[in-house]
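> Sequence first, predicted coordinates after that:
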Amino acid sequence: MKITGIRTMTVDVPLEEPVITAIHDIRSIGYVLVFVDTDADVTGEGHLFSLPARHLAPLEAMTTVLGQSLIGEDAHRVEGLWHKLWTEVNFVGHKGVPLFALSALDMALWDARGKALGQPVHRLLGSCRDAVPAYHSGGLWLSRSRDELVAEAKKFLKQGFRAMKMRLGKPRWQEDVERAEAVRDAVGPDIRLMADANQGLDVRHALRLGRALEPVNLDWFEEPVPAYDVAGHAALAAALDTPIATGETEYTRYGFRPLIEAKAADVLMPDLGRVGGVTEFMRVGHMAQAWDLPVSPHLYSEPSLQLCGALQNCDLLEYMPWSALLFGEKIEFEDGRARIPERPGLGFSLDLDALERYRAAPAAGSAAKPAPKRPARRAAAKKDEAPAAKPEPKAQAAPKTRAETKPAAEDPPKPNAAPEPAPKPVRRRRREPGKTPWYLRRETEDA
């Protein structure tokens, strides 16, 4: 099954209401949709998301450029193609935009392979379950009042969810505690409740807040400090009974290994669109198993279901309804658990008809257009074109007077003289050993 082409499409999907966190003000979600075409009439699909949508251009451009190295390759050789792409991005770096592009292409390759074999990806990776508990992550925002938090938490309970996540980050840590206590009282002691500070606190603030939240019995305290502060996460993990969760902004196993070695995380949260796709997500999951650490995927709810179905230590799915509009199929829930799809590939197909009205301006395609040709210097005149009018002759200037035409007096020519020789450069004399330098001699004599 040879790869014959790489295609992309960008969409900008507005949210029904703004999403406010400690560091975000989100009005819409931008997506890069990726298609890997093959000669077997099978197309693999992947996608990336961006906050904000104006960052789509470099993601799409890098995906298009990197994908050209896959043309003509066997789409079944996913492991080998991952390493080919890894080598390809060596010059531009193994983090950031190149890894987003690699992740999307790897996602589409696994989707194509599953479709070609008629199997869901979780069975190709080694299935371990048919359903996984899911927590609702699409609410309980920092912008909600305490009463609105309680009402929304009860709504999630009525929808069948047995787990949910709220956001933290109020200026006064006491207010965060009051809000968390209100949600816990509303849902009861048996519901799994997580809290996410979205990297918005410093270590001292997070420590006071974390200690005050211990009676609320959170399942985890997510990204209390900036993601790059590994030492801060490690200090909090050592000081608090509440598990610390982080990892959604890390790239590849090489980003997760320091977190594990520093004991900076009790729960690892790889992001399918950032970590390196399905291939690298599985490596991170298996690496975490060696330390008996659980993993929970960050967003990408639909395709991440396949990974939850293939990793024994991945026992909780983040359900975010943002991406539901992308697909023709929907996640099926039963008693708070999300069913692992048995459809071939990643189990969800992009609904291009529904997404057409959200299409964003192409980024990579515009860069690929050839530059316009310059017009010829002497273009042939058209037959039906009227000849250009001749310019009117300029009016002749009045003749100058004799005084005006008299040449100005010139300086008399200088006699030919031999050029003066250039002065020879003065060479510094090396000071004799033990002799006082001149700039100190006067002071020495006076002394």
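In hand now; what should we look at?
> Under the pLDDT cut-off, which ranges of the protein? List them.
362-447 (pLDDT under 70).
> report the longest helix in it, please.
For the chain, the helix with the greatest residue count under DSSP state H is helix 97-117.
> which SS class is G255?
Secondary structure assignment for G255 (DSSP: H, G, I helix; E, B strand; the rest coil): helix.
> count of neighbours near it?
20 (other C-beta atoms under 10 Å). C-beta here means a position set from N, CA and C on the backbone, and glycine is covered the same way.
> Check L240 too.
The burial count for L240: 20, using other C-beta under 10 Å.
> Same question for A40.
Using other C-beta under 10 Å: A40 sits among 14 other residues.
> so how far is the longest strand anywhere in the chain off the chain centroid?
Secondary structure of the chain per DSSP state E: the longest strand is strand 3-20. Per C-alpha atoms, centre = their mean, to the nearest Å, the displacement of strand 3-20 from the mean C-alpha position of its chain is 13 Å.
> Let me know the angle separating that strand from helix 97-117.
120 degrees (axes from the mean of the first three to the mean of the last three C-alpha atoms, to 10 degrees).
> which parts of the longest helix of the chain are buried?
Neighbour-count burial for helix 97-117 flags 97-117 (criterion: 16 or more other C-beta atoms under 10 Å).
> rewinding a little: after the longest strand of the chain, which helix or strand is next?
The C-terminal neighbour of strand 3-20 among helices and strands, as given by DSSP states H and E, is strand 25-38.
> Secondary structure element for the nearest residue to T249 once chain neighbours are set aside, which one?
Counting by C-beta to C-beta, 6 or more residues apart in numbering, the nearest residue to T249 once its immediate chain neighbours are dropped is A227, at 4.4 Å. Per DSSP H and E: A227 is located in neither a helix nor a strand.
> ok, the helix or strand hosting A245: who's next to it in the sheet?
Assessed by DSSP H and E, A245 sits inside strand 244-246. If you go by DSSP bridges, strand 244-246 pairs up with strand 221-222 (parallel), strand 267-268 (parallel).
> can you give me the strands for the chain?
Using DSSP E, strands in the chain cover 3-20, 25-38, 43-50, 131-136, 163-167, 192-196, 221-222, 244-246, 267-268, 317-319, 333-334, 337-339.
> which one of those lies closest to E356?
strand 3-20 (8.5 Å; C-beta to C-beta).
> Would you mark the buried spots in that closest one?
For strand 3-20, using 16+ other C-beta under 10 Å, the buried residues are I3, I6, T8, M9, T10, V11, D12, V13, V19.
> Now that we have these, can you turn them into a markdown table and tack on distance to M282?
Formatted as a markdown table, the buried residues of strand 3-20 follow (distance: C-beta to C-beta, whole Å):
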| residue | distance to M282 |
| --- | --- |
| I3 | 22 |
| I6 | 23 |
| T8 | 25 |
| M9 | 27 |
| T10 | 28 |
| V11 | 28 |
| D12 | 31 |
| V13 | 29 |
| V19 | 30 |
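> Looking at the residues you listed, which is nearest S349?
M9 (13.8 Å).
> what's around the closest residue to the closest one other than its chain neighbours, how many residues?
Nearest in space to M9, with sequence neighbours left out and distances taken as C-beta to C-beta, 6+ apart, is L33 at 4.4 Å. By the criterion of other C-beta under 10 Å, L33 has 22 neighbours.
> what about L33, distance to A288?
Using C-beta to C-beta, to the nearest Å, one gets 30 Å for the distance from L33 to A288.
> cool, and L207?
Taking C-beta to C-beta, one finds L207 at 25 Å from A288.
> what's around K330, how many residues?
10.
> who's in contact with it?
Contacts for K330 (C-beta atoms under 8 Å, 6 or more residues apart in numbering) come out as A324.
> one more time with 10 Å
By C-beta atoms under 10 Å, 6 or more residues apart in numbering, K330 lies in contact with E302, P321, A324, F348.
> are any of the residues you listed buried, and which?
In the contacts of K330, the ones that pass as buried (16+ other C-beta under 10 Å) are E302, A324, F348.
> roughly how far apart are the nearest residue to the second one once chain neighbours are set aside and C314?
To tie it back to what came earlier, the one meant is A324. Leaving aside its sequence neighbours, A324 sits nearest to K330 (C-beta to C-beta, 6+ apart; 6.2 Å). With distances taken as C-beta to C-beta, K330 is found 21 Å from C314.
> again with R274
Counting by C-beta to C-beta - R274 and C314 are separated by 17 Å.
> Likewise for L268?
Distance from L268 to C314, by C-beta to C-beta: 10 Å.
> overlap in contacts of the two?
Joint contacts of L268 and C314 (C-beta under 10 Å, 6+ apart) are G285, A288, P294, V295, S296, P297.
> Bridged to the fourth one, which residues?
Partner residues in beta bridges with V295: L268, with DSSP bridges as the criterion.
> Contacts only, for it.
245, 247, 256, 265, 267-270, 281, 284-289, 307-308, 311, 313-316.
> go again using 6 Å as the cut-off
L268, G285, A288, N313, C314 (C-beta atoms under 6 Å, 6 or more residues apart in numbering).
> The second one against L311, yeah?
Okay, so that is G285. Yes. With contact defined as C-beta atoms under 6 Å, G285 reaches L311; the gap is 4.2 Å.
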